[in-house]
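# Sequence and predicted model, in that order:
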Amino acid sequence: MDPQPRMASPAPSSQASSRPSSRPSSRRSTPAQEKPEFDERDELEENSTRESTSELEESDTSTHSTAQDTDPDPEADPEGEMPPFRLVDIPDKGKGLIATFPIPKGKLILLETPLFILSEERCTNSAVLVALAARTREEQRDFFTLANAYRGTAPRDASSSPSPESSPDSKCAMKISPRRPLPALGIFDTNALPIPTTDAKGNPQTDLGLFLLGSRFNHSCTPNVARTWDAAAKAMAFRVLRAVEPGEELCTNYVDVLGTRAERAAELEEKYAFACLCSVCAASKEEGVESDRRRSKIGRLFEEVGRCGKEPTLGMRKLKIALRLLKEEGLVHYEASFCFDAFQFCVLVSDIPNAKAWVRKAWEATCNISGPESASARNFKMYWANPRAHQLTGMLPRLTLSGPDP
Ligand SMILES: C[S@@+](CC[C@H](N)C(=O)[O-])C[C@H]1O[C@@H](n2cnc3c(N)ncnc32)[C@H](O)[C@@H]1O
């Protein structure tokens, strides 16, 4: 028997079990999938005016609601009516969302149903336009106010290389497309968010959803908002990862934030066609080097802890270093995973008091990311009530490890 805590974990959500990334789609259709001429496009675009952005800034649309699943903070919003954020211009990033009052950690700030969903294979300009045609005029207008990362990218000369054929995997329209995607598809590509689902046979697959308000979260390499799909509500949930001050920008992450600054920049440029201006990427060279060092180390520790099934003391030491580095770096995404690893090390050696303390911390961290009703939160809560229910319990000789740092 080779106990491998992470491998043996009872499939918590992706936030807790693997290195998650939170990203809009930058999937590009192949030229063959695109239809250069499509009559409905002009009709729909005629209605698209930048002015309608102001409607979005001022009012909720029927497809989203701001919501709370943590205790409301009466001081923050005494009437409970004010939206927790506002759409504003952000220098060099287009528009973005900023907090309108102090928001406590874990608060659900937006639960939004998609305007429409497309399966990954069906993402063509025509499919986007057909889906849009079923929506109201106002929604169509709002769609065309969303960012288009490919707007203004020069159509490539037919003789230039590389050709799309020579680079079939590249996702950057700016680099490889012989022409920029048509506007509707460009907007969809810039903004669509992945929705986990299953095919007819129950195999996992990913659809892409368009969210009028959720699309407005800019990217940060130290995000303060987590995005998870709430399958029961059929809506995307956005929760604040740490306490946020009024005026602070609310950002999700589009790529894995444990990469180095150069790796993140390359991925953002390749997949999303922009250069990141977040505070970590804009920091000095020295600060950047320190941050890279911490992030790379966390990534390495994540792998190493998963291989410490036979050495719980060593595993515990490593994950405590990782948790400290996460804190220093202002990242919370991976906290639940490390805490659950710690829980499993404890049950392996029948250290039940510490197991309870760790799984409670994993539960709290998961509630902040995906809410108390998520599968992983419910799972952790069950182990909190009954740690011995875990299949690894008592597989190694008794030992007292340690609990979470205060
Ligand atoms: C999904 S949209 C986000 C909302 C967008 N800013 C808007 O005006 O609607 C993605 C686009 O926002 C901009 N953006 C997002 N995060 C950014 C960042 N960290 N630095 C610079 N630009 C960013 C880029 O232009 C990107 O193509």
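Sure thing, it's come through. Numbers count the residues shown, from 1 in each chain.
# Skip the chain neighbours and tell me the closest residue to the residue of the stretch 301-406 of the chain found nearest the ligand.
Per C-beta to the nearest ligand atom, Gly330 is where the stretch 301-406 of the chain lies closest to the ligand, at 15.1 Å. Where you see a C-beta, it was placed from the backbone N, CA and C, and this is true even at glycine. Excluding the flanking residues, the one nearest Gly330 by C-beta to C-beta, 6 or more residues apart in numbering is Thr222, at 4.6 Å.
# quick one: the one you found and Val280 touch, right?
Yes. Shown here, Thr222 and Val280 form a contact pair, counting by C-beta atoms under 8 Å, at 5.4 Å.
# returning to that earlier point: give me the element the residue nearest to Gly330 is part of.
Using DSSP states H and E, Thr222 sits within no helix or strand.
# Next up, the contacts around it.
Contacts for Thr222 (C-beta atoms under 8 Å, 6 or more residues apart in numbering) come out as 257, 278-280, 329-331.
# Report all helices and strands that the top helix by length along the chain contacts.
In the chain, ranked by residue count with DSSP state H as the criterion, the top helix is helix 285-306. With contacts taken as 3 or more C-beta pairs under 8 Å, 6 or more residues apart in numbering; DSSP states H and E, helix 285-306 sits against helix 5-8, helix 261-272, helix 279-282, helix 312-329, helix 335-348.
# List the residues that contact the closest residue to the ligand within the stretch 51-200 of the chain.
As assessed by C-beta to the nearest ligand atom, the ligand sits closest to Gly94 within the stretch 51-200 of the chain, at 2.7 Å. Counting by C-beta under 8 Å, 6+ apart, Gly94 touches 147, 218.
# same question, Glu335
By C-beta under 8 Å, 6+ apart, the neighbours of Glu335 are 323, 326, 361, 365.
# need the residues of the stretch 51-200 of the chain near the ligand, please.
Proximity of the stretch 51-200 of the chain to the ligand (C-beta under 6 Å from any ligand atom) is limited to residues 93-96, 146-147, 149, 190-191.
# hmm, try it at 5 Å
93-95, 147, 149, 191 (C-beta under 5 Å from any ligand atom).
# ok, the closest residue to Arg261 other than its chain neighbours to Phe116 distance?
Excluding the flanking residues, the one nearest Arg261 by C-beta to C-beta, 6+ apart is Gly288, at 5.0 Å. Remark: distance between Gly288 and Phe116 (C-beta to C-beta, to the nearest Å) = 39 Å.
# Look at the two and report which has more neighbours.
For Gly288 versus Phe116, neighbours defined as other C-beta atoms under 10 Å are more numerous around Phe116 (21 against 16).
# what's the nearest residue to the more buried one if we skip its chain neighbours?
Ala131 (3.8 Å).
# Contact partners for that neighbour?
Counted by C-beta under 8 Å, 6+ apart, Ala131 has contacts 115-116, 118, 210.
# Among those, which one sits closest to Gln391?
Taking C-beta to C-beta as the measure, Gln391 lies nearest Leu118 of those, at 39.7 Å.
# so what does the helix or strand hosting that closest one touch, helix or strand wise?
Here Leu118, judged by DSSP H and E, is contained in strand 116-119. On a contact count with 3+ C-beta pairs under 8 Å, 6+ apart, strand 116-119 meets helix 125-133, strand 204-210.
# Endpoints of stretch 82-91, how far apart?
End-to-end distance for stretch 82-91, by C-alpha to C-alpha, to the nearest Å: 25 Å.
# quick one on the thing from earlier: next one: the residue nearest to Gly330 from the ligand, what distance?
11 Å (C-beta to the nearest ligand atom, to the nearest Å).
# which phi and psi does that residue have?
Backbone torsions of Thr222, given as degrees, to the nearest 10, read phi -130, psi 70.
# repeat for the one 5 residues further on
Arg227 adopts backbone torsions of phi -120, psi 130, taken as degrees, to the nearest 10.
# quick one: pLDDT of it?
For Arg227, the pLDDT comes out at 97.
# Need the helices and strands packed on strand 116-119 in JSON lines (columns: mean pLDDT).
Below are these laid out as JSON lines (pLDDT from 0 to 100):
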{"stretch": "helix 125-133", "mean pLDDT": "97"}
{"stretch": "strand 204-210", "mean pLDDT": "95"}
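# okay if I get these as CSV plus distance to Glu248?
Shown next, in CSV, are the helices and strands packed on strand 116-119 (distance: least, C-beta to C-beta, whole Å):
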stretch, distance to Glu248
helix 125-133, 33
strand 204-210, 26
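# quick one, which of these is packed in tightest?
Most buried of the helices and strands packed on strand 116-119 by mean neighbour count (mean count of other C-beta atoms under 10 Å) is helix 125-133; its value is a mean of 20.
# Next SSE downstream of that helix?
Downstream of helix 125-133, the next assigned helix or strand under DSSP H and E is helix 137-143.
# Just give me how far that following helix sits from the chain centre.
Its chain's average C-alpha position is 25 Å from that of helix 137-143, according to C-alpha atoms, centre = their mean, to the nearest Å.
# quick one: Ser284 and the ligand, what's the gap?
Ser284 is 17 Å from the ligand, by C-beta to the nearest ligand atom.
# where's that residue relative to Arg261, distance?
11 Å.
# more neighbours, the two?
Neighbour tally, Ser284 and Arg261, criterion other C-beta under 10 Å: the higher count belongs to Arg261, 19 against 8.
# My guess is that one contacts Cys281. True?
Yes. Taking contacts as C-beta under 8 Å, Arg261 lies within contact range of Cys281: 6.0 Å.
# List the residues that are in contact with both of these two.
221, 288.
# The strand holding Leu118 pairs with which strands?
When pairing is defined by DSSP bridges, strand 116-119 lines up against strand 204-210 (antiparallel).
# Next up, phi/psi of Ile187, please.
phi -70, psi -40.
# got it, and Arg135?
phi -100, psi 170.
# what's the neighbour count on Ala342?
Neighbours of Ala342 (other C-beta under 10 Å): 28.
# Disregarding residues adjacent in the polypeptide, which is nearest to it?
Closest to Ala342 by C-beta to C-beta, 6+ apart is Trp358, at 4.1 Å.
# Report the separation between that neighbour and Ser376.
14 Å.
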